[in-house]
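Visitor: Structure here, sequence nowhere to be found:
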Ligand SMILES: Nc1ncnc2c1ncn2[C@@H]1O[C@H](COP(=O)(O)OP(=O)(O)OP(=O)(O)O)[C@@H](O)[C@H]1O
Ligand SMILES: [Mg+2]
């Protein structure tokens, strides 16, 4: 059965609004700058919403992974999250994708809460419609690509837009072609994922995430499953995308050069909380916390 969303594991839809938080001047759903004259240009443009975690708690059984976590990503800001294995980085991204359920606290995307909505002046748990609408703003690229294996590249890119966004088939195909050109895979449009290299699959996964016209893009160690010689190409692509779009970006990576290139700010995360944060040069060059120094040393030694 074909999936009904951008990612193989995906939930659902919005409803009402809430209070105010970091946001751009209006969350835009425009499809691009249309610079090419026909159809939508591949990269999302326009104001992106910010993100805020407010006293977020996430548990898996008795394992408290996020402990009243607070952090903010400004509209259009590019933030890299670093921290030890098992510290909860992927969990943060999965909460934003609504692939994990929030236990306590609030997650804001722009001026709306992701997991809550307002009803009769009260904040109540979000219904499926609210979740689905909020989630449309967020795209994610996974470490393991997660392409739909039974669909060719074209359908991987058109399935979500047609089924979830209600885009016409023709428009979805045109946009898919533009995106495949952007990621350098225009000639693979009819291939199946199994016929592609890891680097090519990851490029398709990036194009698929962008096909949903997200305003927030989440990248979870997107090059760590690639052969070393393929890493740079995918990183270069993402760097270009980050520069040419106005997306709000939250990226998990241990690749320091990439993190320096792609991010405005780095958050060092451990024990369910942010240990320190700052510009990449400072965090990687002169970290102020011992925990950050230990972590970076371990990464360099690995
Ligand atoms: N579905 C789940 N069920 C139970 N425990 C989980 C689940 N997902 C994650 N965890 C636990 O939550 C903690 C954080 O996991 P998470 O995957 O977020 O870490 P991470 O920082 O992304 O690690 P890595 O750098 O290895 O990818 C770990 O202890 C993990 O075992
Ligand atoms: Mg992870």
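Guide: Alright, I've got the coordinates. Just so it is clear, the model here is predicted, and its values are computed rather than measured. Ligands and ions are numbered 1, 2, ... in the order given.
Visitor: Please tell me I have it right and residue 127 contacts residue 116.
Guide: No. The pair residue 127 / residue 116 is not scored as a contact, 10.3 Å apart, by CB atoms under 8 Å. The C-beta positions use only the backbone N, C-alpha and C, and glycine is treated the same way.
Visitor: Which of these two has more residues huddled nearby?
Guide: Between residue 127 and residue 116, counted using other CB atoms under 10 Å, residue 116 has the larger neighbour count: 19 against 15.
Visitor: for the more buried one, what are its contacts?
Guide: By CB atoms under 8 Å, 6 or more residues apart in numbering, the contact list for residue 116 reads 18, 106, 123-126.
Visitor: For the stretch 151-300 of the chain, which residues are neighbours of ligand 1?
Guide: In this structure, the stretch 151-300 of the chain does not approach ligand 1 anywhere, judged by CB under 6 Å from any ligand atom.
Visitor: about what we covered before: what would the contacts of residue 116 look like in a markdown table with neighbour count?
Guide: Below are the contacts of residue 116 laid out as a markdown table (neighbours: other CB atoms under 10 Å):
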| residue | neighbour count |
| --- | --- |
| 18 | 18 |
| 106 | 18 |
| 123 | 14 |
| 124 | 12 |
| 125 | 12 |
| 126 | 25 |
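Visitor: Ligand 1 next: which of the residues you listed are close?
Guide: Taking CB under 6 Å from any ligand atom as the test, ligand 1 is in contact with none of those.
Visitor: for the residues you listed, which one is nearest ligand 1?
Guide: Ligand 1 lies nearest to residue 106 out of those, by CB to the nearest ligand atom, at 19.2 Å.
Visitor: picking up where we left off before, counting only helices, which of the contacts of residue 116 make the cut?
Guide: Assignment to helices by DSSP state H places none of these there.
Visitor: okay, who's weakest in those by pLDDT?
Guide: Looking at these by pLDDT, the weakest one is residue 18, with 35.
Visitor: got the contact list for the residue positioned nearest the centre of the chain?
Guide: Here the mean C-alpha position of the chain is nearest to the C-alpha of residue 218 (CA atoms, centre = their mean), at a distance of 1.5 Å. Contacts here follow CB under 8 Å, 6+ apart; on that basis residue 218 touches 93, 96-97, 138-141, 249-251.
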